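Chemist: Structure for the following, please:
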Amino acid sequence: MKTIPRRTRCSRSMLPLLLLLVLCAFALCCEASAATIHLQHGSVNEFYPDGYAGVDEAYIDSAKPDNNHGLNWEFMIGPVGDGSIRRGLMRWDLRALAPLFDSERYVVIAAELKLGLWYNNAAFGEPFEVYRVSSANAGWIEGSKHHDPCPGAVTWNAVTSGARPWAGEPGCGKPGVDFDAEPVSRFKVDTLGHMHPRYLQPFRLPVDMLRDWALKPETNAGLLIRAASEADEQRFTYFVGSEHMRTDHGWHLHHPELIINYMDKQATGTCPPDTIVSNGQSNRLILVPEHPEGSERYAAQELADHLRTITGCDIPLIPEDAYRPEFG
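Modeler: Next up, the predicted model:
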């Protein structure tokens, strides 16, 4: 396959799937092999040959402050309308990825989190905020209950029910104590009213935070996901959880996904200058705007998916502001 020129806008003739999209992705050549890790419950790759099993998630409910909701197939976030609030917790164990963050061989470029949802209740287009949970709250346990007490598991009132309250306030609620005062990311849910699962556009996570998760696992308390406004209205969203295994409508295909893009410096020269992929490897990147709008991100993803289909190779999508000259 001939290469896309070093920095050229994608054309309609290159990818018919993009006919109705705003084409904004660039293909850049870099001096090392580019790669992407997709982490989901059960995903297999070189770092997790037996399948990834390191994601924990639960929602906590102010209306049932001593009950655990760790076994639910979905997690519901937002104000319920009866004065109660639900918030989501998610933690990714990255200890096996320590070589990516602690080696001269690799450079982690960017990371994104992709969430699936299946229902909005009057939360159309609502903004959500993602915070890093303080290490003072590390060690919360997902639990094994749907809506019942579970000693030792996370609840609205406690990091570990019956033993250890939140460092600040119930509900992992005190900024600067329970979680960092500023969000690490923000995203909006879609405006669809149907009840079929679908993915939202991925949102970025700080690479330095993932580095801490990999190299300092004892401090990894994960993420707090909450509605930007928790005013007393019935305005909440159901997100698809990692344990959701129903196959109707593709529930099992919309688990949370952590996407990590990196460069392997020791794999230089694996891709000849006039090709995109050679021997299953590529030294290409697809750049997307720092803050993609409308169909911009979808256009780039369609390109990456198409190239994966015909080459078997994942070509990373990275934000333009994450690109550095040393990549080539």
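Chemist: Check for me that Tyr298 belongs to a helix.
Modeler: Yes - counting by DSSP: H, G, I helix; E, B strand; the rest coil, Tyr298 falls inside a helix.
Chemist: Just give me the neighbour total for it.
Modeler: Around Tyr298 there are 16 other residues, counting by other CB atoms under 10 Å. Just so you know, the C-beta spots here come from the backbone N, C-alpha and C atoms, and that holds for glycine as well.
Chemist: What residues sit buried inside stretch 41-49?
Modeler: Going by neighbour count (16 or more other CB atoms under 10 Å), the buried part of stretch 41-49 is 41, 43, 47-48.
Chemist: Could I get the average pLDDT for that stretch?
Modeler: Stretch 41-49 shows a mean pLDDT of 93.
Chemist: outside of it, which residues touch it?
Modeler: Residues outside stretch 41-49 that contact it (CB atoms under 8 Å, 6 or more residues apart in numbering): 37-39, 50-53, 55, 96-97, 99-100, 242-243, 255-256.
Chemist: 7 Å - rerun?
Modeler: 37, 51-53, 55, 96-97, 242, 255 (CB atoms under 7 Å, 6 or more residues apart in numbering).
Chemist: Now intersect the residues you listed with the strands, please.
Modeler: Secondary structure defined by DSSP state E assigns 37, 55 of those to strands.
Chemist: Just checking, which of the contacts of stretch 41-49 comes out lowest on pLDDT?
Modeler: When these are sorted by pLDDT, the bottom entry is Ser242 at 88.
Chemist: these two touch, right, it and Ala53?
Modeler: No - with contacts counted by CB atoms under 7 Å, Ser242 stays clear of Ala53, the gap being 9.4 Å.
Chemist: Looking at the two, which has the bigger crowd around it?
Modeler: Neighbour count, other CB under 10 Å: between Ser242 and Ala53, Ser242 has more, with 20 against 12.
Chemist: just the helices in the protein please.
Modeler: Using DSSP state H, the helices found in the chain span residues 98-101, 207-215, 296-311.
Chemist: Quickly, which of those bottoms out on average pLDDT?
Modeler: helix 296-311 (a mean of 84).
Chemist: Would you mind pulling up the elements that it packs against?
Modeler: When contacts are defined as 3 or more CB pairs under 7 Å, 6 or more residues apart in numbering; DSSP states H and E, helix 296-311 packs onto strand 282-288, strand 317-319.
Chemist: and these as TSV, adding mean pLDDT, mean neighbour count and distance to Gly162?
Modeler: Below are the helices and strands packed on helix 296-311 laid out as TSV (pLDDT from 0 to 100; neighbours: other CB atoms under 10 Å; distance: least, CB to CB, whole Å):
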stretch	mean pLDDT	mean neighbour count	distance to Gly162
strand 282-288	80	24	46
strand 317-319	83	21	43
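Chemist: want to try TSV for the ones you listed, with distance to Glu112 as columns?
Modeler: Shown next, in TSV, are those (distance: least, CB to CB, whole Å):
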stretch	distance to Glu112
strand 282-288	10
strand 317-319	8
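Chemist: quick check, nearest of the contacts of stretch 41-49 to Tyr119?
Modeler: Taking CB to CB as the measure, Tyr119 sits nearest to His255 out of those, at 16.2 Å.
Chemist: Tell me which residues touch that closest one, please.
Modeler: When contacts are counted by CB under 7 Å, 6+ apart, His255 is found next to 40-41, 116, 240, 242, 244.
Chemist: mind checking how far it is from Ala163?
Modeler: Distance, His255 to Ala163, using CB to CB, to the nearest Å: 30 Å.
Chemist: Nearest spatial neighbour of Arg91, chain-adjacent residues omitted?
Modeler: Using CB to CB, 6 or more residues apart in numbering and skipping the chain neighbours, the partner closest in space to Arg91 is Gly222 (2.9 Å).
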